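[1] Quick one, fold the following:
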Amino acid sequence: MIMEGRKELNAGSRVRVTLEDGLQFEGLVFCHSVEDGLLVLEEGDDRDREHHDMRFVTCKSIKSCEEIEAAPKNIDLSLPSISQKAILEKEKRAMKREEENLKRIGAHASPEEQQMFDRLFKLYGSEWRGTSIYLPSIDVTIRGPPYTSDTCSGSDATALARIKKIVSNIIAEQKM
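    Below you'll find the model as predicted:
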C-alpha cells in the first residue's frame, strides 16, 4: 500500500522491502512502474552477474520500501545475451528427457507395481515389455502382474538370485 502514489524508484537503487505479510528482502531496482503497480528487483551476489534472481512484487503488497543506496550514475542494467540456439537445444534435451520418463510409466501398472519398476530402474535400468519388467543390463525378466520372486526368470543364476531378493524386499516394504 505504501508504494501507491509514490514516484518511481530509480533503476539501480538498492532497496529493502517489507511486504504486508512481514517478508523482508533486499535487491537492486531493475524496474518500477507506478502505472502498472509493479516493482522488479534483482537479487543476488553483485560479484556474480550471471546468477541473479528476479523478484516481481506488486506494489499493493509492499508495507515499506527503504532506499539503502542510491543508483550509481554508470550502472549497467543490460541483460545477458541469450542464444536462441542454446534455448532450442535445452528445449530439445528437456523434451527427450520427458519422452524417456514417459516410457518408464507402465500403462496399466498399479502404484505399487510402478514403484517396483522405478526402484529396479534406478538399480538396473529396467524397461516395460508389455506387462513384464525387463532388466536388459542383466537379462532378467519379471513377468506379471503380480510381480513376485517366483515370476523372475533369467540365464545368470547369480543375477537372478539377487533380483528375486530385491523383489521380495520391495514387496515386504510395500506391505508395511
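[2] Hmm, residue 116 is touching residue 133, no?
    Yes. Using CB atoms under 8 Å, residue 116 is in contact with residue 133, at 7.3 Å. For glycine as for every other residue, the C-beta is placed from the backbone atoms N, C-alpha and C.
[3] quick one: which of those two has more around it?
    residue 133 (28 against 25; other CB atoms under 10 Å).
[4] buried residues in the helix or strand harbouring the more buried one?
    Residue 133 is located in strand 132-135, with elements delineated by DSSP states H and E. Buried residues in strand 132-135, counting neighbours by 16 or more other CB atoms under 10 Å, are found at 133, 134, 135.
[5] Next up, phi/psi of the closest residue to the last one other than its chain neighbours, please.
    With sequence-adjacent residues excluded and distances taken as CB to CB, 6 or more residues apart in numbering, residue 135 is closest to residue 124, at 4.4 Å. Here is the backbone geometry of residue 124 (degrees, to the nearest 10): phi -130, psi 0.
[6] how close does residue 124 sit to residue 151?
    Applying CB to CB, to the nearest Å, one obtains 16 Å for the distance of residue 124 from residue 151.
[7] who has more neighbours, those two?
    Neighbours per residue, other CB under 10 Å: of residue 124 and residue 151, the larger number sits with residue 124, 19 against 16.
[8] if I pick that one, what's in contact with it?
    Going by CB atoms under 8 Å, 6 or more residues apart in numbering, residue 124 touches 135, 137, 138, 140, 163.
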